[in-house]
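S.K.: dropping a prediction and its sequence here:
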Amino acid sequence: MLRLLGSAMMAMAAMAASAAGAGKPLAASPPMGWNSWDAYGFTINEADFKANAKVLARLRQFGWTYAVIDEGWYMGNPAGEKLEQRDYKLDAHGLLVPSINRFPSSRGAAGLAPLAAWTHARGLKFGIHIVRGIPKQAVRDNLPVANSNFHTSDAADTADVCPWDDGNYGVRDNAAGQAYYDSMLKLYADWGLDFVKVDCIADHPYKASEIRQIATAIQHSGRPIVLSLSPGPTQLSHADEIAQYAQMWRISNDIWDGWSFTHTKPGDDFPNGVVSAFDNLAKWVPYARPGNWPDADMLPWGSLTPSPGWESARESRLTHDEQQTQFVLWAIARSPLILGANLTKLDPFTRSLVSNRELIGVNQRSSYTHPVGLLPPGFENIRVWVASGPVVALFNLAEAPTSIQATWAQLGAPAGAHAARNLLDGQVAAASAEIKLTLPAHGSAVFRLDAGVDDRRKSR
């Protein structure tokens, strides 16, 4: 055990040294891209992926880069009642491979390499989703672990099954377990993988040993791969540890298309609404930095069709004001920005958000960001965040429009009169020492103040 831990720490040190040698860490800014889950659930196929990736490629000029296939790419029958009945496709070493009937370019043992190459040719990066562990069928068949003397029964912890995903067994914290993850990430790196989202690992439960094993396996693969851990809420007590291994990790359970949701079962926080992210992101501010990004989850906007990962096909139930608020908050808090919409049905409003260069710039380039703690009277339902620039964002959490008036200094910005550029519509207000406006219910506003002020002030 001590030898394994030492090897893992050496691998992490090598990873850090490699990043330093390159001049910046992997995921130096919050990752931006698209994930198939909110629109396609388990049903994504090659044609659907390519259709969405073609749209994403046209958005690449704004920073949208990662095209990620979420859960189910290895299922021959994604409509099976239980996950274990969905016909997992495995290679001779117990590793998941794509279902040929859904990803035809994978014929001839090519795996997802042809699709990754197609994605790269469009200037995008390629990602997939996996659930931690070893498929149960691989363990029942006791398949040999590639490039080792082990078998899957040596690596599997049959007493450990994800509580909400019954397809896999957990992986033991031993040499066989590391060998299995090494073989997995080597295969996927050879396909051309740039991003891997690993589920049932950051909470429900938190699996420290498997996080370390997967990060070590990525290092052993020889390819830089962004590691995204899901779902949340990751506990703050794990913050320092998880930052050693992952580039992004979820800080809440799944966020879907609602401002808030009522939960009737004790301890049940699925799904989360947008409003929950204000407190979650505020807690994680100290841990957002180049190479480490607390992840507030995907953006469930626009067309959630044809088969979303939760409930029936629909247009997002978030109002335009709520979608705007979500984007402004995710941007100024520097969360990863991962679109969930069916991009082939991208509506004009959603397109206006995802092409807002100035707001995306706040997300990608801010040198600091934080919520403002002490606000003037009348701001009981108002939240305020500031970022370098300086940029000031205001949010109305109330169910009705709210009028506010305050000086810039009261909102955490430098005192004095400033012209303010509205980052949502481009309008510039004349220089003033205060701001006065009405925010719609669940609405937001965001301003960049004029240059020539001390934007390093961090009043709270």
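M.R.: Alright, I've got the coordinates. Everything quoted here is computed from the prediction, not taken from an experiment. Residues are numbered from 1 along each chain as shown.
S.K.: residue ranges with poor pLDDT in the stretch 301-450 of the chain?
M.R.: Within the stretch 301-450 of the chain, not a single segment meets pLDDT under 70.
S.K.: for it, what spans make up the strands?
M.R.: In the stretch 301-450 of the chain, the strands defined using DSSP state E, counting those that start in this stretch lie at 303-304, 314-315, 337-339, 369-371, 382-387, 391-396, 402-407, 418-422, 428-432, 434-439, 444-449.
S.K.: just checking, what packs against the fourth one?
M.R.: Packing partners of strand 369-371 (3 or more CB pairs under 8 Å, 6 or more residues apart in numbering; DSSP states H and E): helix 277-284, strand 382-387. Backbone N, C-alpha and C define where each C-beta goes, glycine included.
S.K.: point out the most buried one among the ones you listed.
M.R.: Compared across the helices and strands packed on strand 369-371, strand 382-387 shows the largest average neighbour count, a mean of 23 (mean count of other CB atoms under 10 Å).
S.K.: what's in contact with that strand?
M.R.: For strand 382-387, the external contacting residues (CB atoms under 8 Å, 6 or more residues apart in numbering) are 278, 329, 332-333, 362, 366, 368-372, 375, 392-397, 402, 404, 411-413, 439, 458.
S.K.: any quick PyMOL command for the buried ones out of the residues you listed?
M.R.: Buried residues within the contacts of strand 382-387, by 16 or more other CB atoms under 10 Å, are selected in PyMOL with:
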select buried, resi 278+329+332+333+362+366+369+370+371+372+375+392+393+394+395+396+397+402+404+411+412+413+439
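S.K.: number of residues surrounding the nearest residue to Gly127 once chain neighbours are set aside?
M.R.: Nearest non-adjacent residue to Gly127, counting by CB to CB, 6 or more residues apart in numbering: Phe195, 3.0 Å away. Phe195 has 23 neighbouring residues, counting by other CB atoms under 10 Å.
S.K.: could you measure from Phe195 over to Ile130?
M.R.: Using CB to CB, to the nearest Å, Phe195 is found at 11 Å from Ile130.
S.K.: how about Pro30?
M.R.: The value you get for Pro30 to Ile130, if CB to CB is used, is 22 Å.
S.K.: more crowded one of these two?
M.R.: Neighbours were counted for Pro30 and for Ile130 using other CB under 10 Å; Pro30 has more, 25 against 22.
S.K.: so who does the more buried one touch?
M.R.: The contact partners of Pro30, by CB under 8 Å, 6+ apart, come to Met248, Trp293, Arg334, Ser335, Pro336, Leu337, Asn363, Gln364.
S.K.: give me the phi and psi for the closest residue to Ala409 other than its chain neighbours.
M.R.: Excluding the flanking residues, the one nearest Ala409 by CB to CB, 6+ apart is Ala415, at 3.9 Å. In terms of degrees, to the nearest 10, the main-chain angles of Ala415 are phi -70, psi 160.
S.K.: so who does Ala415 touch?
M.R.: Contacts of Ala415 by CB under 8 Å, 6+ apart are Thr407, Trp408, Ala409, Ala433.
S.K.: pull the most distant pair out of those.
M.R.: Spatially, the most separated pair among the contacts of Ala415 is Ala409 and Ala433, at 7.9 Å (CB to CB).
S.K.: find residues that contact each of these two.
M.R.: Shared contacts of Ala409 and Ala433, defined by CB under 8 Å, 6+ apart, are found at Ala415, Gly416.
S.K.: neighbour count for the two, which is higher?
M.R.: A direct count of neighbours by other CB under 10 Å for Ala409 and Ala433 places Ala409 higher, at 14 against 11.
S.K.: from Asn381, how far out is that one?
M.R.: For Ala409, the distance to Asn381 - CB to CB - is 21 Å.
S.K.: quick one: contacts for Asp182?
M.R.: Counted by CB under 8 Å, 6+ apart, Asp182 has contacts Asn147, Ser148, Thr216, Ala217, His220, Ser221.
S.K.: now it, what's its secondary structure?
M.R.: Following DSSP: H, G, I helix; E, B strand; the rest coil, the label given to Asp182 is helix.
S.K.: check it and give its pLDDT.
M.R.: If you check Asp182, the pLDDT there is 98.
S.K.: which stretches of the stretch 251-400 of the chain form helices?
M.R.: Per DSSP state H, counting those that start in this stretch, the stretch 251-400 of the chain carries helices over the ranges 277-284, 320-332, 348-354, 357-365.
S.K.: columns distance to Ile134 on top of those, output as a markdown table?
M.R.: Formatted as a markdown table, these follow (distance: least, CB to CB, whole Å):
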| stretch | distance to Ile134 |
| --- | --- |
| helix 277-284 | 31 |
| helix 320-332 | 34 |
| helix 348-354 | 37 |
| helix 357-365 | 37 |
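S.K.: out of those helices, nearest to Gly23?
M.R.: helix 357-365 (16.3 Å).
S.K.: list the buried ones in the closest one?
M.R.: For helix 357-365, by 16+ other CB under 10 Å, it's Glu358, Leu359, Ile360, Gly361, Val362, Asn363, Gln364.
S.K.: I'd like to know which of the contacts of Pro30 is nearest to Ala47.
M.R.: Checking the contacts of Pro30 against Ala47 with CB to CB, the nearest one is Leu337 at 25.4 Å.
S.K.: hang on, the closest one packs against Leu329?
M.R.: No - counting by CB atoms under 8 Å, Leu337 does not reach Leu329; the two are 11.1 Å apart.
S.K.: where does pLDDT dip in the stretch 51-200 of the chain?
M.R.: For the stretch 51-200 of the chain, residues meeting the criterion pLDDT under 70 lie at 83-84.
S.K.: one step back: in strands, which of the contacts of Asp182 fall?
M.R.: Judged by DSSP state E, strands contain none of the contacts of Asp182.
S.K.: show me which of these is closest to Ser105.
M.R.: Ser221 (22.0 Å).
S.K.: which one of the helices and strands packed on strand 369-371 lies closest to Ala47?
M.R.: That would be helix 277-284 among these, by CB to CB, at 33.3 Å.
S.K.: check which helices and strands the closest one sits against.
M.R.: Applying 3+ CB pairs under 8 Å, 6+ apart, one finds that helix 277-284 contacts helix 320-332, strand 369-371.
S.K.: same for the first one, what does it pack against?
M.R.: Packed against helix 320-332 by the contact rule (3+ CB pairs under 8 Å, 6+ apart) you find helix 277-284, strand 337-339, helix 348-354, helix 357-365, strand 382-387, strand 391-396, strand 444-449.
S.K.: and with 10 Å instead?
M.R.: Under the contact criterion of 3 or more CB pairs under 10 Å, 6 or more residues apart in numbering; DSSP states H and E, helix 320-332 touches helix 277-284, strand 337-339, helix 348-354, helix 357-365, strand 369-371, strand 382-387, strand 391-396, strand 444-449.
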